[in-house]
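In: take this sequence and fold it.
(one chain, ligands or ions: 1)
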Amino acid sequence: MNGMSTRLGGRRRRALAGPLVAAAIAGLVLAACGGSSGTSTTSSSSGGGGAAAGKIALLLPETQTTRYEAFDRPYFVAKLQALGYNTGNLIYSNANQNATTQVSQAEAAITNGAKVLVLDPVDSKAAAALADKAKTNGIPVISYDRLILNSAGVGYYVEYDSVTVGKLQAQSLIDALTKLGKTKPTIVEINGDPADNNAKLFKQGAHSVFDPLVSAGKLVIAKEYDTPNWTPAQAQNEMQQALTALGNKVDGVYAANDGTAGGAFAAMQTAGLNPIPPLTGQDAELAAVQRIVAGQQTVTIYKPIKPLAETAAQAAFDLASGKTPDTSVFSTKVNNGAADVPTHQIDVVAVTKANIKDTLIKDGFYTAAQICTAAYAAACTAAGLQ
Ligand code: BGC
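Out: Below you'll find the predicted structure:
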């Protein structure tokens, strides 16, 4: 197929120039979907038309990272509503970071007659059995944000380029350290959950920037941790251990997402580090954006969630209606160890104090008022946000 390429293992680097898509206010929709985290719900009926579309199951992984309940789920539901889907037929589950719970939730969805599974796996390998089972039952699976590995049952994948995320984080950290005049900085590296394939790719991207500097004697990675379950409290423990072992002599911290950055920040604050050394993250969580405004975090990686959720919702709607999703949308292929999976990839962007306005605010991801609460008013003014 024209323009289609296959990737195996490492990812190609992507240009970041693509325009960001405007986002809708997520909270309004969230209020309409009902149900609490860690549970499975079938939403109350709404919307007209789309009567022919069967049940769609959306299975998200956890709640300690804010994106899933605040953005992924509401954007997905809003898109289905816009398509005229009867959201009474939507089966929604959040596994609360428990892979066993997710297996039960997916099996329940299959038993309840789901015609398509949209699955963001807690454990990228363990989910293979689920995708295999779905295939046996003739149910297509859309892998959402994280790739389900080693199963031919994965029909589609919507993603961001996670290796690029790791590279941007690492390069932003190095740039900040260079700006501070550090010629051989000592850093701590806090990676994500080893069971999450994305965590592996973020780490790979970060090391592709760090390792040549380490070899050249221009960087020291004094401590490196994998953080099971992406738990912020665990990241805080890791950072605390590192600070103790290094006598607080840390020039910068690579944290794989904003949740773990929050943990690392708390540990540094408790240890009395002032100013807080350069610190990375990802997800553009509100607390992280506020830390960036306040000079307590250097960068976050903004992954526009609206186009990801909408692409998945459109494909799920098509499949649940007995149609084939638009093949031109799934224009790349990513190999998951068992199949080349038709994939749609969304561009990401590094956000620092300098471009919050041109990215997150311009996109409608947050309003200036949401970021600039009383505690951040002065910093917001200084940053030109209000
Ligand atoms: C996602 C990140 C998220 C992390 C923890 C990763 O797979 O891509 O956006 O912060 O999981 O849920």
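In: gap between Lys115 and Ala128?
Out: For Lys115, the distance to Ala128 equals 21 Å [C-beta to C-beta, to the nearest Å]. Any C-beta I mention is one placed from the backbone N, CA and C, and that applies to glycine too.
In: who has more neighbours, those two?
Out: Neighbour count, other C-beta atoms under 10 Å: between Lys115 and Ala128, Ala128 has more, with 21 against 18.
In: tell me which residues touch that one, please.
Out: The contact partners of Ala128, by C-beta atoms under 8 Å, 6 or more residues apart in numbering, come to 148-151, 153, 338.
In: adding neighbour count and pLDDT, write those residues out as TSV.
Out: Output for the contacts of Ala128, formatted as TSV (neighbours: other C-beta atoms under 10 Å; pLDDT from 0 to 100):
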residue	neighbour count	pLDDT
Ile148	32	98
Leu149	20	98
Asn150	18	98
Ser151	24	98
Gly153	25	98
Ala338	16	98
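In: quick check, nearest of those to Leu119?
Out: Among the contacts of Ala128, Ile148 lies closest to Leu119 (C-beta to C-beta), at 6.4 Å.
In: how near is the closest residue to the closest one other than its chain neighbours to Leu149?
Out: Leaving aside its sequence neighbours, Ile148 sits nearest to Ala127 (C-beta to C-beta, 6 or more residues apart in numbering; 4.5 Å). From Ala127 across to Leu149, the span is 8 Å (C-beta to C-beta).
In: neighbours of the residue nearest to Ile148, how many?
Out: With other C-beta under 10 Å as criterion, Ala127 counts 32.
In: per-residue confidence at Ala52?
Out: We have a pLDDT of 82 for Ala52.
In: ok, now which ones touch whatever residue of the stretch 251-386 of the chain ends up closest to the ligand?
Out: Proximity of the stretch 251-386 of the chain to the ligand (C-beta to the nearest ligand atom) peaks at Asn257, 3.6 Å away. Counting by C-beta under 8 Å, 6+ apart, Asn257 touches 65, 192, 230, 281-283.
In: now the one helix or strand Gln269 maps to: mean pLDDT?
Out: Secondary-structure element containing Gln269, defined by DSSP states H and E: helix 258-270. The predicted model gives helix 258-270 an average pLDDT of 98.
In: might one say that the residue nearest to Ile148 is in contact with Gln105?
Out: No: the pair Ala127 / Gln105 is not scored as a contact, 11.4 Å apart, by C-beta atoms under 8 Å.
In: quick one on the thing from earlier: which secondary structure elements does the helix holding Gln269 contact?
Out: Counting contacts by 3 or more C-beta pairs under 8 Å, 6 or more residues apart in numbering; DSSP states H and E, helix 258-270 packs against strand 186-190, helix 232-245, strand 252-255, helix 286-293.
In: so which strand or helix has Tyr156?
Out: Per DSSP H and E: Tyr156 is located in strand 154-160.
In: so where do the helices sit in the stretch 51-200 of the chain?
Out: Taking DSSP state H, counting those that start in this stretch, the helices of the stretch 51-200 of the chain run over residues 67, 73-82, 99-111, 128-136, 162-179, 197-215.
In: which one of the ones you listed lies closest to the ligand?
Out: That would be helix 197-215 among the helices of the stretch 51-200 of the chain, by C-beta to the nearest ligand atom, at 3.5 Å.
In: which residues sit against the closest one?
Out: Outside helix 197-215, the residues within contact range by C-beta under 8 Å, 6+ apart are 10-11, 124, 145-147, 149, 162-171, 174, 187, 189, 191-194, 219-221, 226, 230, 254, 256, 282.
In: for the ligand, what are the nearby residues on this protein?
Out: Residues of the chain lying near the ligand by C-beta under 6 Å from any ligand atom: 62, 65, 67, 145-146, 192, 196, 198, 230, 257, 282-283.
In: surely Val154 and Pro342 touch.
Out: No: taking C-beta under 8 Å as the definition, Val154 is not a contact partner of Pro342, at 9.5 Å.
In: was I right to think Leu246 contacts Ile221?
Out: No: assessed by C-beta under 8 Å, Leu246 is found out of contact with Ile221, at 11.5 Å.
In: who's more crowded, those two?
Out: Set side by side, Leu246 and Ile221 show more neighbours around Ile221, with 17 against 14, by other C-beta under 10 Å.
In: tell me the phi and psi of that one?
Out: Dihedral angles phi and psi of Ile221 (degrees, to the nearest 10) take the values phi -90, psi 100.
In: quick check: bridge partners of it?
Out: Ile187 (DSSP bridges).
In: enumerate every residue touching it.
Out: By C-beta under 8 Å, 6+ apart, the neighbours of Ile221 are 187-189, 210, 214.
In: buried subset of these as a PyMOL selection?
Out: Entered in PyMOL, the line below selects the buried ones among those, by 16 or more other C-beta atoms under 10 Å:
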select buried, resi 187+188+189+210
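In: between the contacts of Ile221, which is closest to Thr332?
Out: Nearest to Thr332 among those, with distances taken as C-beta to C-beta, is Phe210, at 27.0 Å.
In: who's in contact with the spatially closest residue to Pro325 that is not a sequence neighbour?
Out: Nearest non-adjacent residue to Pro325, counting by C-beta to C-beta, 6+ apart: Ala315, 3.9 Å away. Taking C-beta under 8 Å, 6+ apart, we find Ala315 in contact with 142, 156, 158, 325-326, 329-330.
In: nothing else from me, thank you.
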